[in-house]
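J.: Have a look; sequence and predicted model below, questions after that.
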Amino acid sequence: MIKPISFIDLAKQQKRLKKDIDSRIKDVLLHGKYIMGPEVYELEEELVRYTGANYAATCGSGTDAIVLALMAIGVGRGDIVFCPTFTFPATAEAIVILGAKPYFVDVDKNTFNISILSLNKAIEDVQKQNQYNAKAIIAVDLYGIPADYDQLSIIAKKNNMVLIADAAQSFGAEFNGKKVGNIADITCISFFPAKPLGCYGDGGSVLTNDSNIIDMVKSLRVHGKGKSKYDIDYIGLNSRLDTLQAGILLAKLKNFNWEFNKRNKIAKYYIERLKDKISVPEVSSNSRPVWAQFTLKHKERDKIQELLKERGIPTMVYYPRPMHKQKAYKKYYNGNIPLSGSNYLAKQVFSIPIYPDMDEKEQNYIIDAILDIVNQYKL
């Protein structure tokens, strides 16, 4: 057995990028502009350059990015926003915070992402009720795998809704040759430390090609201010990205393409060696994920996790309980459409370590352990 493996090893990344990170932190300490300093605006320019989006506005977290996006398009009481139930709470939380109602939609059990069939049924159900204004669709790029934006864009336009990408896990991913950030009407990014592009605290960004939306977001993130600091045009938030975090992100973004390619190389190796023995992620030919997590499925999930733990291999379950089964959100599910795919995944998914600085020895140890467990216990 090799030494215990980390689920994600940020220390290795920090060591590799130490020179660039230290230099960026030193620059911020020298100029002392800790709030909305020059690195914040430089980062926004670099996010635009990298993704191909026209505009970017950073903010305090990935959750705030979703809230700001919804606020910018006027979502509020009496509105409905469609979102998958198989997601992190922030997706639904942002909707409820604004007084709107999340309509939980199922996910495809093979792709992990929002089910087009379920979404269409949900829209039909809302139209029959005729009680709410369907304002937006939030698609979640779960595990860093882009959702089906071709179909989602058609549905959103047909029903006069805004398509928002919850890309908390998918910065860097590609769909039809376009980077996440330049696909949906609005894209929301998280820079939480464990994300593909992560800072050393909380952080987020909103990306869009719509100048009116970005102008609203830039106002709303600073209390809804107008032309001057004390000229308040809207009720907003205090959601600014710290300059130190912007500096760290700039250092990491400089090296991001290498990390993106390395993640894909590791994921490809996992798939090649595991696909005949255990259910691996399904990815369409027009999609290139960033692999925030590498997630497997098995009906004996808990047993496999326990046996892997004995061998020093950590695993995580994202997510053990869909939102429609959470105490705080049960009331938002009316039972009109089935959510069987989400219930199925909650019982079967588990993620194994994947990060750019993993060496081949670690990868092979994980793969061999999984294959041995599946074969030995006839799972």
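T.: Done, it's in.
J.: From now on I want contacts and neighbour counts done on CA atoms only, so please keep to that.
T.: Will do.
J.: all strands of the stretch 101-250 of the chain, in order?
T.: 101-105, 133-140, 162-166, 174-175, 178-179, 186-190, 204-208 (DSSP state E, counting those that start in this stretch).
J.: and of these, who's closest to A53?
T.: When those are compared by C-alpha to C-alpha, strand 204-208 sits nearest A53, at 5.9 Å.
J.: May I have the strands that pair with the closest one, each with its orientation?
T.: According to DSSP bridges, strand 204-208 forms sheet pairs with strand 55-59 (antiparallel), strand 186-190 (antiparallel).
J.: Make CSV out of those and add mean neighbour count.
T.: Below are those laid out as CSV (neighbours: other C-alpha atoms under 10 Å):
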stretch, mean neighbour count
strand 55-59, 28
strand 186-190, 30
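J.: Relative to K12, which of these is closest?
T.: Once the strands paired with strand 204-208 are compared by C-alpha to C-alpha, strand 186-190 is nearest, at 21.1 Å.
J.: Can you list the low-confidence ranges for this protein?
T.: 1-2 (pLDDT under 70).
J.: domain ranges for it?
T.: Following automatic domain parsing, one gets these domains for the chain: 10-254, 256-376.
J.: For the longest one, measure first residue to last.
T.: Using C-alpha to C-alpha, to the nearest Å, the end-to-end distance of domain 10-254 comes to 16 Å.
J.: try the shortest one
T.: Chord length of domain 256-376, first to last residue, is 39 Å (C-alpha to C-alpha).
J.: cool, stretch 319-339 as well?
T.: With C-alpha to C-alpha as the measure, stretch 319-339 spans 14 Å from end to end.
J.: Flag every buried residue along that stretch.
T.: Buried residues in stretch 319-339, counted by 16 or more other C-alpha atoms under 10 Å: Y319, P320, R321, P322, M323, H324, Y329, Y332, Y333, L339.
J.: any chance of these in JSON lines, with distance to M36 too?
T.: Output for the buried residues of stretch 319-339, formatted as JSON lines (distance: C-alpha to C-alpha, whole Å):
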{"residue": "Y319", "distance to M36": "35"}
{"residue": "P320", "distance to M36": "38"}
{"residue": "R321", "distance to M36": "38"}
{"residue": "P322", "distance to M36": "37"}
{"residue": "M323", "distance to M36": "35"}
{"residue": "H324", "distance to M36": "38"}
{"residue": "Y329", "distance to M36": "35"}
{"residue": "Y332", "distance to M36": "38"}
{"residue": "Y333", "distance to M36": "40"}
{"residue": "L339", "distance to M36": "43"}
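J.: where along the protein do the helices fall?
T.: Here the chain has its helices, by DSSP state H, at 10-31, 38-51, 62-72, 89-97, 116-129, 149-158, 211-220, 243-254, 256-274, 301-310, 340-348, 360-376.
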